[in-house]
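Enquirer: My questions concern the predicted model and sequence given below.
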Amino acid sequence: MGRLFSESLDFNEFIGHKTILYGETNTKKTYYTALFVQFLLKIKKFNPKDISILDFAPKLFKYYNIKIGGKIDDYYPQSIKCNNITFEGEIIPPRLRASNKKELFENACKNYKKTHEILEIYDENPTSILIINDISIYLHLGSKKILLDAINKSNTFFGNIYYGSSIKRDFASLFSLKEKRVVESLIKKIENSYSTD
């Protein structure tokens with residue numbers, strides 16, 4: 001779908017454009033996103049209040065030695081100076097914290113309420129720069145149209161999304177298939193897409 005992302009790319013080229021990184025777990029998607037925030041603040045000297053960060057990721061944890069989740073401020077603590085739109089509580093890794101389909105959808109529903117709420121807050125007061133970490137968490141039940149409308153209100157968008165097969169549960173195969181299709185459809189709508197695999 002897209003090109004391979006690397007740190008040697010010129011981050012200046014992402015300013016004024018819409019960019020999405022996609023790939024497996026543990027392929028540095030959040031790290032690269034944090035690096036871009038660092039570039040905006042330290043190199044380009046943007047006003048931190050012009051940078052909205054929506055962090056949909058679960059807390060960093062290990063699952064069979066694979067790192068899952070992780071927030072932007074885990075990689076760049078100064079990102080807290082930005083306009084971080086937050087919610088109460090934590091995101092639940094929907095598949096990994098479920099033992100059946102019912103729990104899976106309950107988890108996805110709780111995540112949707114949190115992520116939709118902060119997306120609406122951004123939508124009402126957009127900033128010129130929008131950063132979203134772990135978009136797939138929202139898209140499990142959220143509207144691609146609402147997401148794209150929010151993205152299009154920014155001048156510069158940089159986000160990342162899980163696209164892989166490492167997070168597997170037998171009862172979640174249809175859930176994962178739908179996720180994959182929604183992600184592919186979203187990637188086609190974003191100006192620049194880069195794989196981190």
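Expert: Ah, there it is.

Enquirer: just the helices in the chain please.
Expert: For the chain, the helices defined by DSSP state H cover 29-38, 72-75, 101-124, 136-139, 144-152, 173-189.

Enquirer: Now the fourth one: buried residues?
Expert: The neighbour-count criterion (16 or more other CB atoms under 10 Å) identifies 136-139 as the buried residues of helix 136-139. Any C-beta I mention is one placed from the backbone N, CA and C, and that applies to glycine too.

Enquirer: again with the fifth one
Expert: Residues of helix 144-152 classed as buried under the neighbour-count rule (16+ other CB under 10 Å) are 147, 150-151.

Enquirer: Throw those residues into JSON lines and include distance to Ser79, thanks.
Expert: Shown next, in JSON lines, are the buried residues of helix 144-152 (distance: CB to CB, whole Å):
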{"residue": "Leu147", "distance to Ser79": "21"}
{"residue": "Ala150", "distance to Ser79": "19"}
{"residue": "Ile151", "distance to Ser79": "19"}
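
Enquirer: just the buried residues of helix 136-139 now: which is nearest Phe157?
Expert: Among the buried residues of helix 136-139, Tyr138 lies closest to Phe157 (CB to CB), at 14.1 Å.

Enquirer: Isn't the closest one up against Tyr112?
Expert: Yes. Tyr138 lies in contact with Tyr112 (CB atoms under 8 Å); the separation is 6.9 Å.

Enquirer: Contacts only, for Tyr75.
Expert: Contact analysis of Tyr75 by CB atoms under 8 Å, 6 or more residues apart in numbering lists 30-31, 34-35.

Enquirer: ditto for Thr19
Expert: Thr19 neighbours (CB under 8 Å, 6+ apart): 157-159, 190-194.

Enquirer: low-scoring stretches of this protein, by residue?
Expert: 1, 61-64, 66 (pLDDT under 70).

Enquirer: Just the buried residues of stretch 157-166, please?
Expert: For stretch 157-166, by 16+ other CB under 10 Å, it's 157-164.

Enquirer: Same check on stretch 169-184?
Expert: Per 16+ other CB under 10 Å, stretch 169-184 contains these buried residues: 169, 172, 175, 179, 182-183.

Enquirer: One more: stretch 41-51?
Expert: Buried, per 16+ other CB under 10 Å, within stretch 41-51: 41, 46, 48, 51.

Enquirer: Give me the neighbour count for Ser99.
Expert: Neighbours of Ser99 under the rule other CB atoms under 10 Å: 9.

Enquirer: cool, the one 10 residues further on as well?
Expert: As a burial measure, the neighbour count of Cys109 was computed by other CB under 10 Å and equals 13.
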